[in-house]
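Visitor: give me a 3D structure for the following:
(one chain, ligands or ions: 3)
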Amino acid sequence: TAARLRERADEVASAILTSVAEPFKTGRVVAHAGASIGIVLMPEDGHTTGQLRENADLALYRAKQMGKGKACFFNAEMDAAAQDRRKLETELREAIERDGIELAYQPVVAAKPGQITSAEALARWTHPDRGPIRPDIFISLAEECGLIDRLGEQLLRRACRDAQEWPDHVRVAVNLSPLQFLSGSLIETVRRAIDDSGIRADRVQLEVTEGLVIRDVERTFEQLEALRALGIQVLIDDFGVGYSSLSYFQRFPFDKVKIDKSCVDDIVTSRAAKAIVQAVVGLGEALDMGVVAEGVETEEQMRILVASGCTHLQGYLFSKPVSVHTLRKMLMAKRNLGAKVSKAA
Ligand code: G
Ligand code: G
Ligand code: MN
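Guide: Residues are numbered from 1 along each chain as shown. Ligands and ions are numbered 1, 2, ... in the order given. Sure, this is the predicted structure:
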């Protein structure tokens, strides 16, 4: 019977775990090994070997999560979240293979003349059943399942090709994941994307975040120097949250610093937020870095940011991220998104 089968599987699993956990002698030392076990029963947990193997793997995953050295039976309810994730992972992989992740572009305007000087490329994935998936979700999924290099390269290449058709003074900014610095091939990937698209290197900006220096600090800064040597601009993104450190500016001359939206959100009411913005502007002036305020939503925020000395502004007040077609039209029409900025400045 099924109950008897279950009991028997449990006994066998326990026996395996006990015997594997037994210390054993090698030449000189006593070694310890361990195991985790995922169990499926046929037919209730699946009819095909593929299905059974997949479900056993989900049960194994949960056994490991429970602290290892344990055996778990597959449980459709308990393993639903993991299963869901795995499905999304497969679908993301397919979307990347089809070149199906799209780019939206959000303009950045200069505080002085008020014109669009660049556009930031933002990844967009519309899932066939689930609709739009938020980029923070699928970017971190891509990071976790080893797809970020491939996706990052694909988006960079597309952004360079798109921007190649824009007016010459408009730059394109592409976000980089800190993990893209680990492969060792980033510089070559960027160089090829620029060469193949024919875009002038100084029209390409790469946005990096503070997470960038999580691992090998030396190698990271070497790569930033090498990127710089290609002629592109390097921006530090989301500055003012997380573990943003002033020491980065000692290590590397960033072209621009982007002040995180959370500082901008509070700038009207919080003296601290205002002081942080002013401090970053001071840093920017001393080090010849542009200062971009992100996530600007109201005119009042804009006035304070411009008066504080931010050189560039980005946010819904000017434009949401738009399709490449809409952006092209905005650029061609020379629509002055920053008309309000010019007045304030
Ligand atoms: O696009 P918003 O529109 O929701 O983006 C959410 C987050 O995802 C932001 O922190 C943004 O930097 C990040 N992001 C968007 N597109 C990309 C991308 O192409 N690559 C990487 N690494 N991050 C991206
Ligand atoms: O981390 P990064 O700065 O790359 O993230 C950009 C994110 O901020 C994107 O998700 C983009 O859609 C979002 N964003 C840009 N401008 C605004 C804004 O004015 N308001 C809000 N709420 N989000 C914004
Ligand atoms: Mn960004």
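
Visitor: low pLDDT regions in the protein?
Guide: 214, 334-336, 338-340, 342-345 (pLDDT under 70).

Visitor: count the residues that sit near Gly282.
Guide: The tally of other residues near Gly282 (other CB atoms under 10 Å) stands at 13. Glycine gets a C-beta too; all of them are placed from N, C-alpha and C.

Visitor: just list the residues touching it, thanks.
Guide: Gly282 makes contact with no residue under the criterion CB atoms under 8 Å, 6 or more residues apart in numbering.

Visitor: distance of it relative to ligand 3?
Guide: 22 Å (CB to the ion, to the nearest Å).

Visitor: what's the answer for Glu153, then?
Guide: Using CB to the ion, Glu153 is found at 18 Å from ligand 3.

Visitor: ok, and the closest non-adjacent residue to that residue?
Guide: Leaving out its chain neighbours, the residue that sits closest to Glu153 by CB to CB, 6 or more residues apart in numbering is Thr189, at 5.1 Å.

Visitor: does the one you found count as helix, strand or coil?
Guide: helix (DSSP: H, G, I helix; E, B strand; the rest coil).

Visitor: isn't it right next to Gln154, touching?
Guide: No: contact criterion CB atoms under 8 Å: Thr189 and Gln154 do not qualify, at 10.2 Å.

Visitor: for these two, indicate the residue with more neighbours.
Guide: Of the pair Thr189 and Gln154, Gln154 is the one with more neighbours under other CB under 10 Å, namely 19 against 16.

Visitor: near ligand 1, which residues of the stretch 1-150 of the chain show up?
Guide: Contact residues (CB under 6 Å from any ligand atom) of the stretch 1-150 of the chain with ligand 1: 122-123, 134-136, 139.

Visitor: in the stretch 201-345 of the chain, which spans are helices?
Guide: 217-229, 248-251, 261-266, 271-287, 299-308, 324-332, 339-344 (DSSP state H, counting those that start in this stretch).

Visitor: my error: substitute the stretch 51-200 of the chain in the last question.
Guide: Remark: helices assigned in the stretch 51-200 of the chain by DSSP H, counting those that start in this stretch are 80-97, 135-144, 148-164, 186-197.
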